[in-house]
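K.L.:
How does the following fold in three dimensions:
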Amino acid sequence: MTPLADWAPTYRQILVAVDGSRAAGAAVGHAVALARGAHARITLLTVAPRKRCLGVVGVPSPPDLTASYVAALRATVATVPPDVGLVTGVAFGDAAREIVRVAREGAHDVIVMGGQRGRRRRAHGAVTRRVLRDAPVAVLLVPDAGGW
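P.N.:
Reported below is the predicted structural model:
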């Protein structure tokens with residue numbers, strides 16, 4: 001029988017998808033523990049929607065939400081201890097597609113995401129399901145402090 005240590009995964013590049021939610025905060029906490037144990041580097045990624053310009057006269061264009069996504073990312077960065085290697089990124093477009101793309105292009109070993117429950121799960125569950133389906137690496141889904 002092979003000892004557990006012989007086949008346990010080694011994470012060197014950890015991608016954490018963050019959106020400012022409690023669940024994302026819990027995911028960051030787990031990623032920090034993984035990173036410390038493996039001397040790995042964390043990439044915090046937030047995905048902002050693309051600004052759509054309708055071009056209709058008399059109708060205000062929708063707000064650009066980039067600043068709020070960047071602010072949430074900065075707040076998350078402040079929670080990561082200084083002894084953990086950290087890189088940040090902001091992508092634009094479809095959240096699931098961008099998370100998978102960054103994981104693939106950045107040669108990440110694992111994706112860590114916060115899981116939603118209740119009504120928020122229905123709203124955000126599609127992103128999680130698509131990342132789970134399309135991810136090129138393992139996905140660690142972490143519940144928020146209230147559990148599933």
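
K.L.:
Look at residue 69 and say how many residues are nearby.
P.N.:
Other residues lying near residue 69 total 20 when counted by other CB atoms under 10 Å. No exception for glycine: its C-beta is placed from N, CA and C like everyone else's.

K.L.:
Check it and give its pLDDT.
P.N.:
Predicted confidence (pLDDT) for residue 69: 91.

K.L.:
and it, helix, strand or coil?
P.N.:
For residue 69, the assignment made with DSSP: H, G, I helix; E, B strand; the rest coil gives helix.

K.L.:
Dig out what the residue nearest to it when sequence neighbours are not counted forms beta bridges with.
P.N.:
Nearest non-adjacent residue to residue 69, counting by CB to CB, 6 or more residues apart in numbering: residue 48, 4.0 Å away. Residue 48 has these beta-bridge partners by DSSP bridges: residue 92.

K.L.:
can you pull the contacts of residue 48?
P.N.:
Listed by CB atoms under 8 Å, 6 or more residues apart in numbering, the contact partners of residue 48 are 65, 66, 69, 70, 90, 91, 92.

K.L.:
Show the pLDDT at it.
P.N.:
Residue 48 is assigned 92 on the pLDDT scale.

K.L.:
ok, it to residue 85 distance?
P.N.:
According to CB to CB, to the nearest Å, residue 48 and residue 85 sit 24 Å apart.

K.L.:
I figured residue 137 was touching residue 108, is that so?
P.N.:
Yes: using CB atoms under 8 Å, residue 137 makes contact with residue 108 at a distance of 6.0 Å.

K.L.:
more crowded one of the two?
P.N.:
residue 108 (26 against 17).

K.L.:
What segments of the chain are helices?
P.N.:
4-7, 22-38, 66-77, 95-105, 119-134 (DSSP state H).

K.L.:
Make CSV out of these and add distance to residue 113.
P.N.:
CSV is the format used below for the helices of the chain (distance: least, CB to CB, whole Å):
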stretch, distance to residue 113
helix 4-7, 24
helix 22-38, 6
helix 66-77, 13
helix 95-105, 8
helix 119-134, 6
